[in-house]
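Participant: got a predicted model here, sequence first, then my questions.
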Amino acid sequence: MICLQYKLVKPFVIETFFNNVKPEGTSHLIVRPEKLSICKADMRYYFGQRDAAVLHSRLPMALIHEACGRVMYDPTGKYKSGDKVVLLPNIPGEDGFYAENYRLDSLFRSSRADGFMQEAVRIRHAQTVPYRRDLPDEVMSFTEFISVGVHAVNSFAKTAHSRRNSIGVWGDGSLAYVICCVLKSLYPQTKITVTGLNPGKLQYFNFVDEVLTVNQVEKGAKFDHTFECVGGAGSGAAVEQMIDTLCPQGTIMLLGVSEEPVPINTRMVLEKGLTLLGRSRSGKEDFEQAVKILQSDKTFLARMKYLISAEVEIESINDISKAFETAKTADFKVVLDWNI
Amino acid sequence: MMIFAGVLAGGTGTRMGNYTIPKQFLTIADRPIIAHVIDKFIVHNGIDKVIVGVNADWYQYMTDIQEKYYKGMDKLVVVPGGSDRNSTINAIVAKTKEISGSSEDILVTHDAVRPFVTLKMISENIDAAKKYGVCDTVMPATDTIVYSSNGEYITDIPLRSSTYQGQTPQSFNIKLFEEVYSSMTEEELKVVTDACKMFMLRGHKVHLVEGSVSNMKITYPYDYKIAQIMMENPEDDMFTV
């Protein structure tokens, strides 16, 4: 079957392509994406903020790696036509020693493979997670994003020492919000402090124990562990504050993406015996756990709805451009109602 | 109530340069054009059954395609149609009655040589047929349409902003279609080959559904060439992983 794809051919320019989506074999499903969510990584491609060589080698490419959809065709009969699924952007490589999304031969949609801006997607059965129909699709569209938070908190649970009385989260964006929600869901007794820049966005963090702006942070051993969800130009300053405020042998979970190298005060890292752990790539288990939390924790689900800053109806390529422009100024997530 | 798709493959015209098989059986992207069309209706969640009406001379060829690509899929049915468009639709309608026969049933008819139909067009056809009884997929005319009743000189030039090019799907309530069809005179049936025109002649309002330039009908070698170029996609292999 011939299906439309919407690919970024150069920054700001999306064009229509046609793809042969074959309803053949038993390992793949055909899914119609219904709600998509824009991630910062997509925006870096769309607005041409990636290195020119990277853009040249990866475009044309369909963007968006956060999506949910409706099963159209399942040759195995495991899913019924119309079942709702979260789509995993991971295309795992062969080397099973490493986690699926860190393998050198793994691919990731909207990075080295086409993303979900398509009329219909042929996807491996294993790369889908079903969810109940009563769950809001607009939230389920960014399950991948939530799964990154789950992945980071799970890695933290395995690695960080067991004193978890106080955790500091740096960042006031969607990722910091998700991390706080996951931490509150899994560690309800832990004191959570959020440190951010934008007072307007920090208003959304009313469920944590303490909210600080970056200039309110004082030096001193305060946190058992910290999560960095800043990324970009602010990464260095955030890590510096974390090092200054961590208790000995604490863990810094790094999640923010920076295009530039970030200087780190290694003297103090050594003096305090800190652990720096980078975790931003979730796997199937993290997706399943994210869906499980969304299905079972009503508070968590309700908080996730506040992350939707805008929902844009997509019926044309112009609407896609509009959605990206909206995302540029939105506080949190922009969801695409994919009806193209 | 059931929603049927009727793929109209009654034509045997080749008009396609040196090829001698009907054009719906030519391949693009290693798959017969008609299979691309059937795929779209097979996977669409809103369609309960896909009925292909094929010219009797090519029935065996079509059942071989069914065997090769759709083995074990009972959503697909192939029926030998008549020699023209009307009799093919009638053969499909007869099959729908055999399967369901509810007065609410909808038939979404589509040309076997329009493989670029989108899931959205199909959904909008189903919705419009349910709501209005009959609909046609069209796109605004870009060329000026001129009308000539004698084939010698222009007798009318309709306002371009009000002219559209008819595509398919064309969709309707089956019971309503039967009423309209049975009321047609023999003279009318000789000249009217378009189901929507029949509805119009009997006073029904045919609702418009938005088509697209890419929903082209592969009729001439030129169209076939364009369709092949449209499918040249070096990124294809990404989807085999």
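Facilitator: Yes, it's here.
Participant: quick check: which element contains residue 102?
Facilitator: Just going to use chain A. Under DSSP states H and E, no helix or strand contains A:Tyr102.
Participant: so who does it touch?
Facilitator: For A:Tyr102, the contacting residues are A:Arg281, by CB atoms under 8 Å, 6 or more residues apart in numbering or on different chains. Any C-beta I mention is one placed from the backbone N, CA and C, and that applies to glycine too.
Participant: so which residues make contact with stretch A:320-328?
Facilitator: A:6, A:12, A:14, A:38, A:42-43, A:46-47, A:117, A:310, A:312, A:314, A:334, A:336.
Participant: change it to 10 Å
Facilitator: A:6, A:8, A:12-14, A:36-40, A:42-43, A:45-47, A:63-64, A:117, A:309-314, A:316, A:330, A:333-338, A:340 (CB atoms under 10 Å, 6 or more residues apart in numbering or on different chains).
Participant: next one, pLDDT for the spatially closest residue to B:Ile174 that is not a sequence neighbour please.
Facilitator: Counting by CB to CB, 6 or more residues apart in numbering or on different chains, B:Ile174 lies nearest to B:Asp105, which is 4.6 Å off, once chain neighbours are set aside. Reading off the confidence values, B:Asp105 has pLDDT 97.
Participant: count of neighbours near B:Ile47?
Facilitator: Using other CB atoms under 10 Å in any protein chain shown, B:Ile47 has 21 neighbouring residues.
Participant: er, A:Gln216 actually
Facilitator: So A:Gln216, with other CB under 10 Å, has 9 neighbours.
Participant: who's in contact with the residue most central in space within chain A?
Facilitator: The structure's chain A has its C-alpha centroid closest to A:Phe145; by CA atoms, centre = their mean the separation is 2.5 Å. Taking CB under 10 Å, 6+ apart, we find A:Phe145 in contact with A:37, A:39-40, A:65-66, A:174-175, A:178, A:282, A:290, A:304, A:307, A:333.
Participant: just put those in JSON lines and tack on pLDDT, distance to A:Phe205 and neighbour count.
Facilitator: Output for those, formatted as JSON lines (pLDDT from 0 to 100; distance: CB to CB, whole Å; neighbours: other CB atoms under 10 Å in any protein chain shown):
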{"residue": "A:Ser37", "pLDDT": "98", "distance to A:Phe205": "20", "neighbour count": "28"}
{"residue": "A:Cys39", "pLDDT": "94", "distance to A:Phe205": "20", "neighbour count": "24"}
{"residue": "A:Lys40", "pLDDT": "91", "distance to A:Phe205": "19", "neighbour count": "16"}
{"residue": "A:His65", "pLDDT": "97", "distance to A:Phe205": "26", "neighbour count": "25"}
{"residue": "A:Glu66", "pLDDT": "97", "distance to A:Phe205": "22", "neighbour count": "30"}
{"residue": "A:Ser174", "pLDDT": "95", "distance to A:Phe205": "12", "neighbour count": "26"}
{"residue": "A:Leu175", "pLDDT": "95", "distance to A:Phe205": "12", "neighbour count": "26"}
{"residue": "A:Val178", "pLDDT": "97", "distance to A:Phe205": "11", "neighbour count": "28"}
{"residue": "A:Ser282", "pLDDT": "93", "distance to A:Phe205": "22", "neighbour count": "28"}
{"residue": "A:Ala290", "pLDDT": "96", "distance to A:Phe205": "20", "neighbour count": "29"}
{"residue": "A:Met304", "pLDDT": "96", "distance to A:Phe205": "14", "neighbour count": "26"}
{"residue": "A:Leu307", "pLDDT": "95", "distance to A:Phe205": "12", "neighbour count": "22"}
{"residue": "A:Lys333", "pLDDT": "96", "distance to A:Phe205": "16", "neighbour count": "26"}
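Participant: number of nearby residues for the residue of chain B found nearest chain A?
Facilitator: Using CB to the nearest CB, B:Asp39 is the residue of chain B that sits closest to chain A, at 3.2 Å. Using other CB under 10 Å, B:Asp39 is surrounded by 26 other residues.
Participant: same thing with A:Ala310?
Facilitator: When neighbours are defined as other CB under 10 Å, A:Ala310 has 17 of them.
Participant: same question for the one 5 residues further on.
Facilitator: The local packing of A:Glu315 (other CB under 10 Å) involves 13 other residues.
Participant: surely it meets A:Trp338?
Facilitator: Yes: using CB atoms under 10 Å, A:Glu315 makes contact with A:Trp338 at a distance of 9.5 Å.
Participant: hang on, A:Met72 packs against B:Val43?
Facilitator: Yes: A:Met72 lies in contact with B:Val43 (CB under 10 Å); the separation is 4.0 Å.
Participant: all strands of chain B, in order?
Facilitator: B:3-9, B:27-28, B:31-32, B:49-55, B:76-81, B:106-111, B:134-140, B:164-173, B:207-210 (DSSP state E).
Participant: tell me which of the contacts of stretch A:320-328 fall in helices.
Facilitator: A:Lys40, A:Asp42, A:Met43, A:Tyr45, A:Tyr46 (DSSP state H).
Participant: among the residues you listed, which ones are buried?
Facilitator: Neighbour counting by 16 or more other CB atoms under 10 Å in any protein chain shown classes A:Lys40, A:Asp42, A:Tyr45, A:Tyr46 among the ones in helices among the contacts of stretch A:320-328 as buried.
Participant: do you know how far the second one is from chain B?
Facilitator: The one in question is A:Asp42. Distance of A:Asp42 to chain B, given as CB to the nearest CB, to the nearest Å: 17 Å.
Participant: need the contact list for that residue.
Facilitator: A:8, A:36, A:63-66, A:110-111, A:115, A:117, A:324, A:327, A:334 are the contacts of A:Asp42 under CB under 10 Å, 6+ apart.
Participant: mind listing the residues bridging to the residue most central in space within chain B?
Facilitator: The centroid of chain B falls nearest to B:His110 when counting by CA atoms, centre = their mean (1.7 Å). B:His110 has these beta-bridge partners by DSSP bridges: B:Val7.
Participant: quick check, it in contact with B:Ala195.
Facilitator: No: with contact defined as CB under 10 Å, B:His110 does not reach B:Ala195; the gap is 11.7 Å.
Participant: picking up where we left off before, including distance to A:Thr213, could the strands of chain B go into CSV?
Facilitator: Shown next, in CSV, are the strands of chain B (distance: least, CB to CB, whole Å):
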stretch, distance to A:Thr213
strand B:3-9, 57
strand B:27-28, 59
strand B:31-32, 59
strand B:49-55, 61
strand B:76-81, 63
strand B:106-111, 58
strand B:134-140, 54
strand B:164-173, 58
strand B:207-210, 50
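Participant: now the residue nearest to A:Arg112 when sequence neighbours are not counted: how far from B:Ser83?
Facilitator: Residue nearest to A:Arg112 in three dimensions, not counting chain neighbours: A:Arg58, with 6.8 Å by CB to CB, 6+ apart. Going from A:Arg58 to B:Ser83 by CB to CB, to the nearest Å gives 52 Å.
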